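A.B. asks: Following is a predicted model, sequence given first.
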Amino acid sequence: MSIRLPAIAAVVIALAAAGCGKASQAVRSTAPATATSTTAAAPLALAPASTHPRMRSRAPTADALPPKPPIVQSPIPFGPRRKAEMVAYAARHYGLHTYRLINPHVIVIHYTVTPDFQSTFNTFAPDVPDSELHELPGTCAHFVIDADGTIHQLVPLGIMCRHTVGLNWTAIGIEHVGYSDAQVLHDHRQMAASLALVRWLRCRYHIGIANVIGHNESLASPYHREHVPALRAQTHDDFDHADMQAYRARLRAGGSC
């Protein structure tokens, strides 16, 4: 997904509502990246995980996994209300009645179109409707990789994030701070962190390299599904097929599981 920066004001950081529907928002002073998510509301009674065949859990195996890279926990608020909104979203778009990401099959690569991690965090933290699709919960990604190679985890892997229309039900979303495919692909520290994270994730969840895709490839995924007719062809331009071929070649060269 791409986060768009308006040209007229340096203080405004906006996200293009990528398939995940990231909302355009002014940068606001939210909880810092190192803050932990808190909620005062009593837990809501949320629907259990779906029993759909593709949603049945596969227990990740720890044996022979590549090393887990260093990950900074930078959680955005994702309390009972946001989880309940995710249940409603999943039911509307996928026919599933859960907020849980169970047995992910896809990893989606994005770039942010923001200057730094904090502005990205400030966009994802508020639970507000996005500017493109006007839906709740607010958009998010599981991980954001800063230009210096720092990996931030915003959302637990067991929770769905809105980052790619048609795939949120089964996809882990990874954002890269930057303005283009080329910028990210040529940033050695960022790429090294990205490849290490993706290798660890795909081996943990048994995700084939072919299912590590760019947002722009979302419509071609065999796991793409969308119940809202107007959104069945919705995607974004970050990480097109040619650039992802280069990314996947690097991932393949890094070793198997």
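C.D. replies: Received it, and whenever you're ready, just let me know what you need. Computed from a predicted structure; not experimentally measured.
A.B. asks: From now on I want contacts and neighbour counts done on CA atoms only, so please keep to that.
C.D. replies: Noted.
A.B. asks: what residue is smack in the middle of this protein?
C.D. replies: residue 173 (2.2 Å; Cα atoms, centre = their mean).
A.B. asks: wait, it sits on residue 139?
C.D. replies: No - the pair residue 173 / residue 139 is not scored as a contact, 10.8 Å apart, by Cα atoms under 8 Å.
A.B. asks: what is in contact with the two at once?
C.D. replies: 161, 163 (Cα atoms under 8 Å, 6 or more residues apart in numbering).
A.B. asks: mind listing the strands for this protein?
C.D. replies: For the chain, the strands defined by DSSP state E cover 72-73, 106-111, 143-145, 151-153, 171-176, 212-214.
A.B. asks: I'd like to know which of those lies nearest to residue 235.
C.D. replies: Proximity to residue 235 (Cα to Cα) singles out strand 212-214 among the strands of the chain, at 10.2 Å.
A.B. asks: which one's the longest helix in the chain?
C.D. replies: Of all the segments of type helix in the chain, defined by DSSP state H, the longest one is helix 188-204.
A.B. asks: So which elements touch that one?
C.D. replies: strand 143-145, helix 181-185, helix 241-253 (3 or more Cα pairs under 8 Å, 6 or more residues apart in numbering; DSSP states H and E).
A.B. asks: Out of these, which is the most enclosed?
C.D. replies: Highest mean neighbour count among the helices and strands packed on helix 188-204 (mean count of other Cα atoms under 10 Å): strand 143-145, with a mean of 26.
A.B. asks: Each with direction, which strands does that strand pair with?
C.D. replies: strand 151-153 (antiparallel), strand 171-176 (parallel) (DSSP bridges).
A.B. asks: So which of these is the most surrounded?
C.D. replies: strand 171-176 (a mean of 28).
A.B. asks: ok so, going back, need the strands of the chain in JSON lines with distance to residue 118 and mean pLDDT, can you?
C.D. replies: Output for the strands of the chain, formatted as JSON lines (distance: least, Cα to Cα, whole Å; pLDDT from 0 to 100):
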{"stretch": "strand 72-73", "distance to residue 118": "13", "mean pLDDT": "98"}
{"stretch": "strand 106-111", "distance to residue 118": "14", "mean pLDDT": "98"}
{"stretch": "strand 143-145", "distance to residue 118": "10", "mean pLDDT": "98"}
{"stretch": "strand 151-153", "distance to residue 118": "11", "mean pLDDT": "98"}
{"stretch": "strand 171-176", "distance to residue 118": "12", "mean pLDDT": "98"}
{"stretch": "strand 212-214", "distance to residue 118": "23", "mean pLDDT": "98"}
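A.B. asks: Make CSV out of those and add distance to residue 253.
C.D. replies: Shown next, in CSV, are these (distance: least, Cα to Cα, whole Å):
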stretch, distance to residue 253
strand 72-73, 26
strand 106-111, 18
strand 143-145, 21
strand 151-153, 21
strand 171-176, 20
strand 212-214, 14
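A.B. asks: how about these, which one is nearest residue 242?
C.D. replies: Taking the strands of the chain one by one with Cα to Cα, strand 212-214 is closest: 9.8 Å.
A.B. asks: who's in contact with the residue nearest to the centre of the chain?
C.D. replies: Residue 173 neighbours (Cα under 8 Å, 6+ apart): 107, 108, 109, 110, 141, 142, 143, 161, 163, 164.
A.B. asks: With that, I have no additional questions.
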